[in-house]
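Enquirer: Quick one: sequence and predicted model below, then my questions.
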Amino acid sequence: MKLLDTSVLIDIDIGGKEVREKAKELDAEGRHAISTISLYEFYWGIYRKQLKEKKLVSWIPILRLRRLCTI
């Protein structure tokens, strides 16, 4: 069994042709796993990114639509 690092999780999440091919190779080689630490780091990074995005647009007013609009 191979232990995958956080950077591998991020690469798989982001995607891309090369990453998908490498993931298939790993699947063919046998079982692999992630540690609870890598899982924590992965979710912590997602949370921090969401906080940063909220701060970037926090000064922009949000216009709430009352009806479905189509173009």
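Expert: Great, that's in hand.

Enquirer: right, and the helix or strand after the helix or strand encompassing residue 8?
Expert: In this assignment (DSSP states H and E), residue 8 forms part of helix 6-14. Next in sequence after helix 6-14, counting helices and strands by DSSP H and E, comes helix 17-29.

Enquirer: which parts of that following helix are buried?
Expert: Across helix 17-29, burial judged by 16 or more other CB atoms under 10 Å covers residue 23. Every residue, glycine included, has its C-beta placed from N, CA and C.

Enquirer: and that helix, what other elements does it pack with?
Expert: If you count contacts as 3 or more CB pairs under 8 Å, 6 or more residues apart in numbering; DSSP states H and E, helix 17-29 packs onto strand 2-4, helix 6-14.

Enquirer: could you dump these to a markdown table with mean pLDDT, distance to residue 44 and mean neighbour count?
Expert: As requested, the helices and strands packed on helix 17-29 are exported to a markdown table (pLDDT from 0 to 100; distance: least, CB to CB, whole Å; neighbours: other CB atoms under 10 Å):
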| stretch | mean pLDDT | distance to residue 44 | mean neighbour count |
| --- | --- | --- | --- |
| strand 2-4 | 84 | 17 | 12 |
| helix 6-14 | 85 | 10 | 14 |
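
Enquirer: Dump these to a markdown table, plus distance to residue 53.
Expert: Converted to a markdown table, the helices and strands packed on helix 17-29 look like this (distance: least, CB to CB, whole Å):
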| stretch | distance to residue 53 |
| --- | --- |
| strand 2-4 | 26 |
| helix 6-14 | 16 |
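
Enquirer: and of the ones you listed, who's closest to residue 42?
Expert: helix 6-14 (4.8 Å; CB to CB).

Enquirer: Counting by contacts, list what that closest one packs against.
Expert: When contacts are defined as 3+ CB pairs under 8 Å, 6+ apart, helix 6-14 sits against helix 17-29, helix 36-57.

Enquirer: Centre of the chain to the longest one, how far?
Expert: Going back to what we said before, that points to helix 36-57. Centroid separation for helix 36-57 versus its chain: 9 Å, with CA atoms, centre = their mean, to the nearest Å.
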